[in-house]
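Sequence and predicted structure, then a few things I'm wondering about:
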Amino acid sequence: MAEKVYLGIDQGSSGTKGALVTRSGELLKLFAERITPPRVDSDVVEQDAEELWSSVKAVWHQAADWAGKNGYCIKGAGFATQRSSVCAWERGTAKPVHPVISWADKRFAGEIMRLKDHHDLIGDKCKIPVSPHYAAPKIAYLQSAFPDAIVGTLDAFFAYHASSGQVFLSEDTMAARTMLYSLKEGGWSDELCSLFKVNLSRLPQITPSLGTHFTFEGVPIAAMLGDQQSALYAAYSQCERTLLNLGTIASLTLMTGAKLNHKKGYASSVFYSQENASARIRKFMIEGISNSCKAVIDYIMKTFSVSSLKEIDQLCASAAPTEATAFFPLGGVASPDWTGPAQCAFSDGEVPAAAKARALVENIAHFLLTPFFDLAIRNEVASGTEGLLVSGGVSGSDYLLQYISNLLEVPVRRASQSETTAIGAGLAAISAIERGGEPLKLTRDEVEAMFLPRENVSERYKKWLHLRERVLRGDVSGLEVVTP
């Protein structure tokens with residue numbers, strides 16, 4: 001008899017990953033499907049909706065084929081998706097009528113400014129910073145442009161496809177990132193929909209994160225989560241309350257449980273939700289976000305002709321001592337200031353390539369220091385003995401993790417598996433089907449590497465802060481300004 005296993009799928013902006021896990025939470029096998037990078041034209045960032053769904057199916061079939069050939073049977077699955085990306089599709093056929101408007105798209109910044117007098121009200125209701133990154137103005141635009149189409153976030157699009165058009169739904173973690181969801185009340189807000197000119201009757205039904213939503217190829221889809229929530233769920237299953245996930249963005253998350261904590265400039269959200277008898281139970285988290293992560297790594301690779309994180313580490317290690325600092329807010333300045341797009345600059349001209357690469361990597365870490373203290377994550381980490389857990393593809397840089405440890409003055413642990421988002425989706429499906437929503441309590445994995453503080457880098461951080469302040473006030477004389 002085939003052994004039952006669970007599949008987690010992580011559909012992100014740079015690719016789709018899958019993870020097969022056993023009923024006890026052990027990772028069996030990882031799968032991946034590459035996709036075309038987002039099309040970027042100034043503030044417009046789009047992807048092909050059909051290609052994203054095809055990549056999900058490709059990973060699904062890779063996993064199903066491997067499972068069948070190795071004596072396993074997929075009993076349930078979970079989906080994790082990029083948050084705040086929106087698309088529109090035909091009713092019945094599910095054929096896209098517009099490309100996916102990415103979470104990184106900022107074309108609706110003018111609409112956000114139109115609502116400037118209402119920003120406090122919006123922030124108070126949804127508990128996330130008012131930003132064109134989030135879904136509300138994208139939904140409003142697509143509803144207006146395509147009055148007969150279905151419009152929703154990517155989880156709704158995938159659910160509609162997977163169920164052959166039988167369901168149109170989202171769930172709490174994804175809905176909470178739209179600026180249309182009242183975090184306190186736990187549902188769509190009439191007032192927010194009215195402000196953004198969104199027709200609430202055209203929005204999807206909001207379901208719990210955990211629970212059988214529909215089936216795909218005979219397999220129950222028992223968990224749906226936003227990508228960072230899914231990564232944190234994997235960590236939480238190992239008794240971690242905090243996680244630094246270094247992927248497309250850098251996300252520093254803290255699970256707050258049943259308590260809704262909020263701090264201006266940060267994103268409070270639903271961690272996950274489940275149905276218990278007649279009540280919906282929601283767990284919460286708070287998140288510090290930096291958009292300056294993988295885009296910086298991609299810039300280094302392109303500019304300095306390197307092809308891997310290992311080569312970037314070697315380049316950084318070869319740099320001679322220098323005062324060079326880089327301020328590269330690619331994707332815009334996020335937590336806690338949310339000042340939007342800003343120029344990229346080096347503090348000094350005529351700097352060797354290796355020193356520039358090192359300054360760029362350190363720039364990724366510098367964006368994290370304020371959130372680390374503002375969210376009291378230092379206190380959380382200090383209360384344990386293990387240090388800060390770090391996951392995600394960019395966590396493969398030894399130089400970056402060592403510098404983060406130096407900067408934050410705490411031990412940093414690299415997770416043994418970087419694909420925590422896909423793993424978390426699989427673990428959430430196990431919880432939903434076999435444990436009544438109760439998370440697994442796994443033994444902490446052996447870390448792939450541990451980084452301990454080695455040197456005081458506070459002066460380098462102060463120089464970065466000075467450069468940041470100059471650039472944000474428009475004083476770039478004498479700086480090397482770069483247009484990536």
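The structure has been received and is ready for your questions. From a predicted model like this one, the values you see are computed outputs, not experimental measurements. Residues are numbered from 1 along each chain as shown.

Give me the neighbour count for residue 302.
Using other C-beta atoms under 10 Å, residue 302 is surrounded by 10 other residues. Bear in mind the C-beta positions are built from the backbone N, C-alpha and C, glycine included.

So it lies in a strand, does it not?
No - Residue 302: not assigned to a strand; according to DSSP: H, G, I helix; E, B strand; the rest coil it is helix.

mind checking how far it is from residue 312?
Residue 302 is 12 Å from residue 312, where distance means C-beta to C-beta, to the nearest Å.

same thing with residue 439?
Taken as C-beta to C-beta, the span from residue 439 to residue 312 is 35 Å.

Just checking the distance from the helix or strand of the chain with the lowest mean pLDDT to the centre of its chain.
Lowest on mean pLDDT, DSSP states H and E among the helices and strands of the chain sits helix 377-382, with a mean of 74. Relative to its parent chain, helix 377-382 has a centroid offset of 21 Å by C-alpha atoms, centre = their mean, to the nearest Å.

Repeat that for stretch 468-480.
Counting by C-alpha atoms, centre = their mean, stretch 468-480 comes out at 29 Å from the chain centroid.

per-residue confidence averaged over it?
For stretch 468-480, the per-residue pLDDT values average out at 94.

And for it, what's in contact with it?
For stretch 468-480, contacts defined as C-beta atoms under 8 Å, 6 or more residues apart in numbering pick out 327, 333, 339, 342, 343, 345, 346, 347, 348, 349, 351, 467.

returning to what we had before: neighbour count winner among residue 439 and residue 312?
Each of residue 439 and residue 312 has its neighbours counted (other C-beta under 10 Å); residue 312 has more, 25 against 21.

mind listing what that one touches?
Neighbours of residue 312 in contact, by C-beta under 8 Å, 6+ apart: 297, 300, 301, 306, 357, 361, 397, 399.

so it is in which element?
helix 309-317 (DSSP states H and E).

what's the next helix or strand after that helix packed up against?
Next helix or strand after helix 309-317 toward the C-terminus (DSSP H and E): strand 326-327. For strand 326-327, the elements it packs on are strand 344-346, helix 353-366, helix 458-472, judged by 3 or more C-beta pairs under 8 Å, 6 or more residues apart in numbering; DSSP states H and E.

Residue 449: which of those is closest?
Residue 449 lies closest, by C-beta to C-beta, to one member of the helices and strands packed on strand 326-327: helix 353-366, at 16.2 Å.

May I see the buried residues of that closest one?
Neighbour counts over helix 353-366 (16 or more other C-beta atoms under 10 Å) mark 354-366 as buried.

Kindly calculate the angle that that helix makes with helix 309-317.
110 degrees (axes from the mean of the first three to the mean of the last three C-alpha atoms, to 10 degrees).

Which strands or helices does helix 353-366 pack on?
helix 294-304, helix 309-317, strand 326-327, helix 398-408, helix 458-472.

Past it, which element shows up next along the chain?
Helix 353-366 is succeeded, C-terminally, by helix 369-374 (DSSP H and E).

and that following helix, how far from the chain's centre?
Centre to centre, stretch against its chain (C-alpha atoms, centre = their mean), the figure for helix 369-374 is 18 Å.

what sits up against it?
So helix 369-374 is contacted by 252, 263, 265-266, 288-290, 335-336, 377-378, 407-408, 461 (C-beta under 8 Å, 6+ apart).

And the average pLDDT for it is what?
93.

these two touch, right, residue 28 and residue 21?
Yes - using C-beta atoms under 8 Å, residue 28 is in contact with residue 21, at 6.4 Å.

who touches both of these two?
With C-beta under 8 Å, 6+ apart as the test, residue 28 and residue 21 both reach residue 5.

SS state for residue 244?
Per three-state DSSP, residue 244 ends up strand.

quick one: which of the helices and strands packed on strand 326-327 is nearest residue 173?
The nearest among those, by C-beta to C-beta, is helix 353-366 at 25.3 Å.

okay, that closest one in CSV with CA atoms only?
Taking C-alpha atoms only, helix 353-366 is exported to CSV below (Å, rounded to 0.1, in the frame of the first residue of the first chain):
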residue,chain,number,x,y,z
ALA,A,353,34.3,46.5,-8.3
ALA,A,354,34.9,44.2,-5.3
ALA,A,355,34.3,47.1,-2.8
LYS,A,356,31.1,48.1,-4.6
ALA,A,357,29.8,44.5,-4.5
ARG,A,358,30.6,44.3,-0.8
ALA,A,359,28.8,47.6,-0.2
LEU,A,360,25.7,46.4,-2.1
VAL,A,361,25.5,43.2,-0.1
GLU,A,362,25.9,45.1,3.2
ASN,A,363,23.1,47.4,2.0
ILE,A,364,20.7,44.5,2.1
ALA,A,365,21.5,44.0,5.7
HIS,A,366,21.3,47.7,6.6
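
any idea how far the helix holding residue 312 is from the chain center?
Distance, centroid of helix 309-317 to centroid of chain: 25 Å (C-alpha atoms, centre = their mean).

Of all the residues in it, which ones are buried?
For helix 309-317, using 16+ other C-beta under 10 Å, the buried residues are 309, 312, 313, 315, 316.

re earlier: show me what the least confident helix or strand of the chain is packed up against.
strand 242-246, strand 250-257.

what about 10 Å?
If you count contacts as 3 or more C-beta pairs under 10 Å, 6 or more residues apart in numbering; DSSP states H and E, helix 377-382 packs onto strand 242-246, strand 250-257, helix 369-374, strand 388-391, helix 398-408.

List the contacts of that helix.
240-244, 252-255, 286, 288, 368-369, 371-373, 376, 387-389, 408-412 (C-beta atoms under 10 Å, 6 or more residues apart in numbering).

what comes up buried for it?
So, applying 16+ other C-beta under 10 Å, buried residues of helix 377-382: 377, 378, 380, 381.

now do stretch 193-200
193, 195, 196, 198.

follow-up on the earlier one: residue 214: which of the buried residues of helix 353-366 is nearest?
Using C-beta to C-beta, these come closest to residue 214 at residue 364, 38.6 Å.

Most neighbours of all the contacts of residue 312, which one?
residue 357 (27 neighbours).

Without its sequence neighbours, what residue ends up closest to that residue?
residue 315 (4.6 Å; C-beta to C-beta, 6 or more residues apart in numbering).

Tell me how many other residues surround the residue nearest to residue 95 when sequence neighbours are not counted.
Distances taken as C-beta to C-beta, 6+ apart place residue 89 nearest to residue 95, at 6.1 Å, with adjacent residues excluded. Neighbour count for residue 89, taken as other C-beta under 10 Å: 25.

Same check on the one 10 residues further on?
For residue 99, the count of nearby residues is 19 (other C-beta under 10 Å).

Please apply the same query to residue 319.
19.

Find me the pLDDT at the residue nearest to it when sequence neighbours are not counted, would you?
Excluding the flanking residues, the one nearest residue 319 by C-beta to C-beta, 6+ apart is residue 354, at 3.9 Å. If you check residue 354, the pLDDT there is 94.

Please apply the same query to residue 445.
63.

show me what contacts the closest residue to residue 216 other than its chain neighbours?
What sits nearest to residue 216 in space, not counting adjacent residues and going by C-beta to C-beta, 6+ apart, is residue 162, at 4.0 Å. Residue 162 is in contact with 53, 56-57, 60, 77, 79, 94, 213-217, 219, 221, counting by C-beta under 10 Å, 6+ apart.
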